[in-house]
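Asker: Sharing a sequence plus its predicted fold:
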Amino acid sequence: MKYYILLPMIIIIIAALATDCSSQKELIAKSDKDYFDQGMKYFKNKKWEKAISTFDIILLNYPGSEYADDAKFYSGEAYLNKKEFLLAINEYEELTIRFPNSEYIEKASFKIGYAYYKLSPHFQLDQEYTKKAIFAFQDFIDTYPESELCKEAEKYIHKLRNKLARKLYETGKFYIRFQEYNSALIYFDDLLEKYYDTDWADDAELGRALCYIKLKEFDKYKEILAKYNNNENEKLKNYISILKRNYDKELKKIERQNKKGK
């Protein structure tokens, strides 16, 4: 009876050992190219985790391989596709340090900026990643001024700077709502100093004009208004109309106060 019980167990053990030996032989037989090809198959099939694990084998076991920089770059791409942007940045940055002569250096440098761009949050939140994205893209443009990706990098910088400008503008508006006009001016002035070339520059300028009306500094208001005499933008024309109505109200208030004072 014991032999009948043991026999199936022995067969299972032998089969397991045979499978293990064959898998070890297969593992030994694989080259760095085999692993890279397998990793790329996973990558193309969007099996990001398997791709990363396979590329890691090359980086750990074949650090001097001609495929090592490829593995590092596509690990970054896999993390990027997984939306694990900080891990992607880490891979791209390591690539630029470990493989300074790699054909992927230019793309990796651009992708660092792009990954930070994807991390950049809504304008109301902390803008640390927005600033890092701008810095990374600008560094890319300075390093690779002839790159085909420079125009794309410039577009991202414009979007990111718009976000920072809007944060300042909305803060200025917040202070206007509470009639803190001097505080609002600080933010509008800051916007115009740092982000004069963004889509929010005119809004900030006209926001300053409103503050000067409320502060009864009419000469400064008129100076700003003169810049927009020939402006045909409908949005700005509407804003200017609002400013003029506010100006007229302030003049009437002053007139009434003067009459009371007599």
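Answerer: Looks like it arrived, so ask away. Numbering: from 1, shown residues only.
Asker: contacts, neighbours, all on C-alpha from now
Answerer: Will do.
Asker: and K131, what helix or strand is that in?
Answerer: helix 128-143 (DSSP states H and E).
Asker: Buried residues of whichever strand or helix holds E170, list them for me.
Answerer: Taking DSSP H and E as the definition, E170 sits inside helix 150-177. Buried residues in helix 150-177, counting neighbours by 16 or more other CA atoms under 10 Å, are found at 150, 153, 156-173, 175-176.
Asker: Hmm, L164 and F123 touching each other?
Answerer: Yes - between F123 and L164 there is a contact under CA atoms under 8 Å: 6.8 Å.
Asker: then the helix holding K131 to PDB, C-alphas only?
Answerer: C-alpha atoms of helix 128-143 as PDB (Å, rounded to 0.1, in the frame of the first residue of the first chain):
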ATOM      1  CA  GLU A 128       6.500  72.800  -7.600                       C
ATOM      2  CA  TYR A 129       6.200  70.300 -10.400                       C
ATOM      3  CA  THR A 130       5.100  73.100 -12.800                       C
ATOM      4  CA  LYS A 131       8.300  75.000 -12.100                       C
ATOM      5  CA  LYS A 132      10.400  71.800 -12.400                       C
ATOM      6  CA  ALA A 133       8.800  71.100 -15.800                       C
ATOM      7  CA  ILE A 134       9.600  74.600 -17.100                       C
ATOM      8  CA  PHE A 135      13.200  74.300 -15.900                       C
ATOM      9  CA  ALA A 136      13.600  70.800 -17.500                       C
ATOM     10  CA  PHE A 137      12.200  72.000 -20.800                       C
ATOM     11  CA  GLN A 138      14.300  75.100 -20.900                       C
ATOM     12  CA  ASP A 139      17.400  73.100 -20.100                       C
ATOM     13  CA  PHE A 140      16.500  70.800 -23.000                       C
ATOM     14  CA  ILE A 141      16.100  73.800 -25.400                       C
ATOM     15  CA  ASP A 142      19.400  75.200 -24.200                       C
ATOM     16  CA  THR A 143      21.200  71.900 -24.600                       C
END
